[in-house]
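Visitor: Below are the sequence and a predicted model for it; my questions follow.
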2 protein chains.
Amino acid sequence: MPTGTRSWSASPTSWPQALPSASDDIFRAIADPTRRHILDLLAERGPLTVGQLAAEFPDLVASGISKHLMNLRATGLVSAERQGRQQLYRIEGEVLSEALAPWLVKYERYWSAALQHLRQLAEEGRRLSP
Amino acid sequence: MPTGTRSWSASPTSWPQALPSASDDIFRAIADPTRRHILDLLAERGPLTVGQLAAEFPDLVASGISKHLMNLRATGLVSAERQGRQQLYRIEGEVLSEALAPWLVKYERYWSAALQHLRQLAEEGRRLSP
DNA sequence: GTAATAGATTACTATATGGTAAGATATCGT
DNA sequence: ACGATATCTTACCATATAGTAATCTATTAC
């Protein structure tokens, strides 16, 4: 499935108010809990293979993970590097942050409380594991 | 459709690795471009009625907007207040930020570039409209 | 009271999505 | 070369989703 394949074919008269953008795909990608978990694992542990990731999902078959990774790769959120017969998947965090940032600023004013809360968490975390 | 209705019924032997949480619903809610647009409008313009919102979506029928608003209300991202025969919808920005913040911190290290970019944008914005 | 208006709800449809299973491809170990 | 391993691909299925149209409810205007 190529990156931008959406049922976009026949829009006869009127256009939707917003063309589907790259960030649309990213929002859809992170909507799925399994994909978020995959991203979390890649962020925590660094690059992992399909097999290593699949081991973390006892309820999912490996090809399911592979499909999710294809999805994530299509959005640019992860990249892959062959290593012999396995494939190392790496998170592309900048793609995530740069796609989300412009949207998040719109809600900037609602972040003060959350940020304070986070700062506090970060402080505690730093104190626990320096 | 009540808030937490997911196909959760028969999980005979094994449990999925993560129970569906409130933030799952929020991620799913913001995955839809129409709902993001609704949130954007509410954040920009303040509380709006269904009719006012529907006017911004020439390709959508009003009941569609209403359904999206029900969805958003179920997640807590918007709240409603009756005003005579109309309903004023208001964004609940803290719900958004508090749901997203814990997830976003996991990718903290990827934000520096994006944040700098944002800071710059904010600076320019402040200079343009003080 | 009656008509009109604003919105919610329901029934229905088409499509998208996540998942599995089975087969294809490429690489490694012997 | 051969079998095992790792991943990708395809076909297929069940469910979720977004959308419309029609109906229902409540409120305002006359």
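Guide: All right, it came through fine.

Visitor: Strands of chain A, residue ranges please.
Guide: For chain A, applying DSSP state E gives strands covering A:48-49, A:78-83, A:86-91.

Visitor: With distance to chain B, mean pLDDT and mean neighbour count added, can I get those in TSV?
Guide: To be clear about C-beta, it is placed using only N, CA and C from the backbone, and glycine gets the same treatment. What follows is the strands of chain A, written out as TSV (distance: least, Cβ to the nearest Cβ, whole Å; pLDDT from 0 to 100; neighbours: other Cβ atoms under 10 Å in any protein chain shown):
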stretch	distance to chain B	mean pLDDT	mean neighbour count
strand A:48-49	15	98	19
strand A:78-83	13	96	14
strand A:86-91	8	97	18
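
Visitor: Is it possible to get TSV of those that adds distance to residue A:59?
Guide: Output for these, formatted as TSV (distance: least, Cβ to Cβ, whole Å):
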stretch	distance to residue A:59
strand A:48-49	18
strand A:78-83	21
strand A:86-91	20
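
Visitor: Relative to residue A:42, which of those strands is closest?
Guide: strand A:86-91 (4.0 Å; Cβ to Cβ).

Visitor: what angle do the closest one and strand A:78-83 make?
Guide: Inter-element angle recorded for strand A:86-91 and strand A:78-83: 150 degrees (by axes from the mean of the first three to the mean of the last three Cα atoms, to 10 degrees).

Visitor: so where is chain A shaky, pLDDT-wise?
Guide: For chain A, the stretches with pLDDT under 70 are A:1-19, A:114-115, A:117-130.

Visitor: sorry, back to before: what about the strands of chain A, which gets the closest to residue A:61?
Guide: strand A:48-49 (15.7 Å).

Visitor: Name the residues that touch that closest one?
Guide: A:41-42, A:83, A:86-89 (Cβ atoms under 8 Å, 6 or more residues apart in numbering or on different chains).

Visitor: If we use 10 Å, what do you get?
Guide: Strand A:48-49 is contacted from outside by A:38, A:41-42, A:54-56, A:69, A:78, A:80, A:83, A:85-91, using Cβ atoms under 10 Å, 6 or more residues apart in numbering or on different chains.
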